[in-house]
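In: One predicted model, sequence on top.
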Amino acid sequence: MKVMLALLLSSVCEVVSAEPLFYLLVLRHTGDAVLHANSQRVLQEAALPYVVVDTTAMQCCFHIGPKPDTRKLPVRFNEDTRLSVSEEGAATFQFAGHMSRAPADVGGAVDALALGLVGMTSVAAKGERTYEIAVRGSAGPVIVRHCLGAEGLNFRLYRHAGDRQPYATYYYALGHDTEPDCQ
């Protein structure tokens, strides 16, 4: 019986860890960025593609660490920095870095929020605030929906477009009140 239980727990852990890793990026107009993720596995990727929230094109790429022509990271972290958290309350990691180039869909001197999945290969808009993201090595695309909560953005990940319950949810606090539009 103990062996069966151990095998079952092992199988469940493998299925959970096989889900594509979601991350958020705070893109600064300077080309610097901060990545928020719930796992340090993001460090295994040299360059992370992303899609700016409320745009439709995948862009490349976020790189952890300083820009090639600088030595210091331009971003300092403090306890007041907003964090993304998962529904389960998992630890949140922050990584300072830079973008290969400024996002195409974001104007001049504004910062933006972007999202991504480790291994994403393409993004297609599937309606207002809904993306279908293809992930390398995944059986099917991941559906990502976002909406405004009372003080931030909610991100919900689904395995299929018709699913009623997300398999994962994330929240990013904006630091000010917003008009909620989540249903």
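Out: That came through, no problem.
In: the strands in this protein, which residues?
Out: Assigned by DSSP state E, the strands in the chain fall at 22-27, 32-37, 48-52, 58-64, 84-86, 93-99, 112-117, 120-125, 130-135, 142-148, 152-158, 168-173.
In: The last one pairs with which strands?
Out: When you say that, I think you mean strand 168-173. Note on strand 168-173: by DSSP bridges, its sheet partners are strand 84-86 (antiparallel), strand 152-158 (antiparallel).
In: can you give me the offset of that strand from its chain's centre?
Out: 9 Å (Cα atoms, centre = their mean, to the nearest Å).
In: Let me know the pLDDT of the spatially most central residue of the chain.
Out: With distances taken as Cα atoms, centre = their mean, the residue of the chain nearest its centroid is Tyr23 (2.2 Å). Model confidence at Tyr23, given as pLDDT, is 89.
In: Next, work out how far apart it and Asp32 are.
Out: Plainly put, Tyr23 is 16 Å away from Asp32 if you go by Cβ to Cβ, to the nearest Å. Placement of C-beta: from N, CA and C, glycine included.
In: What of Arg136?
Out: To Asp32, Arg136 is 27 Å away according to Cβ to Cβ.
In: Now do the residue lying closest to Tyr170 once chain neighbours are set aside: how many residues are near it, please.
Out: Nearest residue to Tyr170 in three dimensions, chain neighbours excluded: Phe155, at 4.3 Å (Cβ to Cβ, 6 or more residues apart in numbering). The number of residues packed near Phe155 is 23, by other Cβ atoms under 10 Å.
In: and Phe155, what are its bridge partners?
Out: His146, Tyr170.
In: which residues touch it?
Out: When contacts are counted by Cβ atoms under 8 Å, 6 or more residues apart in numbering, Phe155 is found next to 22, 24, 115, 144-146, 169-172.
In: possible to save the strands paired with strand 168-173 as a markdown table with distance to Ser122 and mean pLDDT?
Out: Formatted as a markdown table, the strands paired with strand 168-173 follow (distance: least, Cβ to Cβ, whole Å; pLDDT from 0 to 100):
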| stretch | distance to Ser122 | mean pLDDT |
| --- | --- | --- |
| strand 84-86 | 23 | 61 |
| strand 152-158 | 16 | 89 |
